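In: Could you work out the structure for the sequence below:
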Amino acid sequence: MKAATIIRIGLWVLLGLLLLAPQLFAGLLEPLALNNAPALYNQGSLFELALIHLALTGGAIILASIVAVSFAILVTRPFGAEFLPLSRSIVNIGQTFPPVAVLALAVPIMGFGSAPTLVALFLYGLLPIFENTLTGLTNVPASVREAARGVGMTPRQRLFQVELPLAAPIILAGIRVSTVISLGTATIGSTVAARTLGEVIIAGLLTNNVAFIIQGGAIVGLLAILIHDALVVVERRLAR
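Out: Residues are numbered from 1 along each chain as shown. Sure thing, here's the model as predicted:
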């Protein structure tokens, strides 16, 4: 068994233990909990929070992927090339305004909870997916396009059977970047009452309990590493 595989399995096991059997780490975390504070997060299920965190991130990335890929397809067609500057301006909104600012603007309109967090993550995830899709589609070799046209493929067939499959690894790389960014950014959603793993970190900050902060940060970090690794594997298979 390769070393990389052993490390990968070890990280999955560690994540599972942190979520399902956190009491195993009580001895390590107790020195970090001052003034007889609890060493283990006791205000909810870590496993449930992780599932909600992943669902919120996944929903935002799916929406961002649909919009960003659609924009990229539009501006790479002859009839939509003139919309490239406008599309870039739209997808850049998320990078122009930090997520905290988006949350501050969205809460008065949408109220507290998951909705403003979903909007912030959606906007923040657009740019990498759009730019990678644009790069992937524009870098399809002209000879391949001509060959597809020569065998009688319609524009729709060329897009779905030739261009998108060839661009898929690059598109997935953009989705990977957005996913990892969103996993970390979703933690701030707990500042507006969204249920995420940020609850654990914020509880630690409010009570000066480093043990809680370490717990929440470790779980989010492991999720980001493992999901990044899984998407890299998929990219490599698509590239082949």
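In: from here on, contacts and neighbour counts on C-alpha atoms
Out: Will do.
In: Might you list the low-confidence residue ranges for this protein?
Out: 1 (pLDDT under 70).
In: And the residue nearest the centre of it?
Out: For the chain, the residue nearest the mean C-alpha position is residue 179 (1.6 Å; C-alpha atoms, centre = their mean).
In: okay, the helix or strand where that one lies in PDB with CA atoms only?
Out: Assigned by DSSP states H and E, residue 179 belongs to helix 164-185. Output of helix 164-185 as PDB, limited to C-alpha atoms (Å, rounded to 0.1, in the frame of the first residue of the first chain):
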ATOM      1  CA  LEU A 164     -17.300  20.200 -22.300                       C
ATOM      2  CA  PRO A 165     -15.800  16.700 -21.900                       C
ATOM      3  CA  LEU A 166     -12.400  18.000 -23.000                       C
ATOM      4  CA  ALA A 167     -12.700  21.000 -20.600                       C
ATOM      5  CA  ALA A 168     -14.100  18.900 -17.700                       C
ATOM      6  CA  PRO A 169     -10.800  18.500 -15.800                       C
ATOM      7  CA  ILE A 170     -10.200  22.300 -15.800                       C
ATOM      8  CA  ILE A 171     -13.800  23.000 -14.900                       C
ATOM      9  CA  LEU A 172     -13.500  20.500 -12.000                       C
ATOM     10  CA  ALA A 173     -10.400  22.200 -10.800                       C
ATOM     11  CA  GLY A 174     -12.300  25.500 -10.500                       C
ATOM     12  CA  ILE A 175     -15.100  23.700  -8.600                       C
ATOM     13  CA  ARG A 176     -12.400  22.200  -6.300                       C
ATOM     14  CA  VAL A 177     -11.000  25.600  -5.500                       C
ATOM     15  CA  SER A 178     -14.400  27.100  -4.800                       C
ATOM     16  CA  THR A 179     -15.400  24.100  -2.600                       C
ATOM     17  CA  VAL A 180     -12.300  24.400  -0.400                       C
ATOM     18  CA  ILE A 181     -12.700  28.100  -0.100                       C
ATOM     19  CA  SER A 182     -16.400  27.800   0.800                       C
ATOM     20  CA  LEU A 183     -15.800  25.100   3.400                       C
ATOM     21  CA  GLY A 184     -13.700  27.500   5.400                       C
ATOM     22  CA  THR A 185     -15.800  30.500   4.700                       C
END
